[in-house]
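S.K.: Let me see the structure of the following:
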Amino acid sequence: MKLEPTIALFGNIGRIASEEVIIQLIKSKCMPALLYGLEACPLTKSDIRSLDFVTTPIRFFMKLFRTTDINIVKDCQEYFSVSLPRSLAHRKKN
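M.R.: Residues are numbered from 1 along each chain as shown. Model (predicted):
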């Protein structure tokens, strides 16, 4: 069974930690592991686009802030300075 690191982290700490702490853990622990894996695996453009929804941050923010409103999710991403995996992977290649 495949379990995304962000969802697994959230499942382990749940509502014990604040949103800020959870997001910082995602940025410092999960995103580097994801980017490392992206370097090792050749992905299509479709694969990369799906990463933005399936992994951090969209689905994670939906769960963390208990919303399905994509505008709220985008505002949270901007407020907490969390980039999409697609843009992080692109920056890392350049």
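
S.K.: Could I get the full set of helices for this structure?
M.R.: In chain order, the chain shows helices spanning 5-13, 19-25, 31-40, 45-54, 58-64, 70-79, 85-93, with DSSP state H as the criterion.

S.K.: Make JSON lines from these and add mean neighbour count and mean pLDDT to it.
M.R.: Yep, even glycine has a C-beta here, placed from its N, CA and C like the rest. Output for the helices of the chain, formatted as JSON lines (neighbours: other C-beta atoms under 10 Å; pLDDT from 0 to 100):
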{"stretch": "helix 5-13", "mean neighbour count": "15", "mean pLDDT": "63"}
{"stretch": "helix 19-25", "mean neighbour count": "15", "mean pLDDT": "85"}
{"stretch": "helix 31-40", "mean neighbour count": "13", "mean pLDDT": "78"}
{"stretch": "helix 45-54", "mean neighbour count": "14", "mean pLDDT": "70"}
{"stretch": "helix 58-64", "mean neighbour count": "19", "mean pLDDT": "82"}
{"stretch": "helix 70-79", "mean neighbour count": "14", "mean pLDDT": "88"}
{"stretch": "helix 85-93", "mean neighbour count": "14", "mean pLDDT": "64"}
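
S.K.: Arg66: neighbour count?
M.R.: Around Arg66 there are 8 other residues, counting by other C-beta atoms under 10 Å.

S.K.: quick one, what contacts it?
M.R.: Residues counted as contacts of Arg66 (C-beta atoms under 8 Å, 6 or more residues apart in numbering): none.

S.K.: separation between it and Pro85?
M.R.: Between Arg66 and Pro85 the computed distance is 22 Å (C-beta to C-beta, to the nearest Å).

S.K.: Also Ile13?
M.R.: The separation that Ile13 has from Pro85, given C-beta to C-beta, amounts to 21 Å.
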